[in-house]
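> The sequence isn't on hand, but the structure is:
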């Protein structure tokens, strides 16, 4: 006898294929969501790491800015101190010259000549005074000419 299958086998096959397709679709969706979650976690971690690096660099930049300001303040202070030292050295250098000039003026002063005012500004000496005669003034001029400092 021949076997005849009257059951709807094509319909069952279609349902089985549909079930396998839906199962595969759900698995693909779950795997895709998992992969997207892992990618999101990786990107978030990379962003957090970069933010931490940026914060560290900002603190380092702030510290270096403070150091740069200190260095510029020290350079300005050094410049002021060097200017003061130069002024002091110039004054110290002129001190012995002033003393020697006045010493030479006293040594070259002949009798009968009197200084009433002596004023020295940089390299110029202004003298005013009185003399008993013109001969005394000419003696003073010769003595001044013979002096090494005047």
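It's in. Quick caveat: nothing in here was measured; it's all calculated off a predicted structure.

> now residue 116, what's its secondary structure?
When classified by DSSP: H, G, I helix; E, B strand; the rest coil, residue 116 comes out as strand.

> Low-confidence bits of this structure, can you list those?
Of all residues in the chain, those with pLDDT under 70 make up the ranges 1, 5, 93-95, 149-150.

> Can you spell out the domain ranges of it, please?
The chain breaks down by automatic domain parsing into domains covering 9-95, 109-150.

> can you redo the ones you listed as JSON lines with distance to residue 103 and mean neighbour count?
The way it works is simple: take the backbone N, C-alpha and C, and place the C-beta from them, glycine included. Below are the domains of the chain laid out as JSON lines (distance: least, Cβ to Cβ, whole Å; neighbours: other Cβ atoms under 10 Å):
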{"stretch": "domain 9-95", "distance to residue 103": "13", "mean neighbour count": "10"}
{"stretch": "domain 109-150", "distance to residue 103": "8", "mean neighbour count": "12"}
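
> Redo these as a markdown table? Include distance to residue 102.
A markdown table is the format used below for the domains of the chain (distance: least, Cβ to Cβ, whole Å):
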| stretch | distance to residue 102 |
| --- | --- |
| domain 9-95 | 11 |
| domain 109-150 | 7 |
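
> Any idea which of those domains gets closest to residue 2?
Closest to residue 2 of the domains of the chain, according to Cβ to Cβ: domain 9-95, at 16.5 Å.

> The spatially most central residue of the chain: helix or strand, and which one exactly?
Residue closest to the average C-alpha location in the chain (Cα atoms, centre = their mean): residue 68, at 3.8 Å. Counting by DSSP states H and E, the element that carries residue 68 is helix 9-108.

> Quick one: list the elements packing against that helix.
If you count contacts as 3 or more Cβ pairs under 8 Å, 6 or more residues apart in numbering; DSSP states H and E, helix 9-108 packs onto strand 113-121, helix 134-146.

> Can you add distance to residue 81 and give the ones you listed back as CSV?
Supplementary listing: the helices and strands packed on helix 9-108 in CSV, determined by distance: least, Cβ to Cβ, whole Å:
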stretch, distance to residue 81
strand 113-121, 27
helix 134-146, 41
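
> which one of those lies closest to residue 46?
Nearest to residue 46, of the helices and strands packed on helix 9-108 and by Cβ to Cβ, is strand 113-121 at 75.5 Å.
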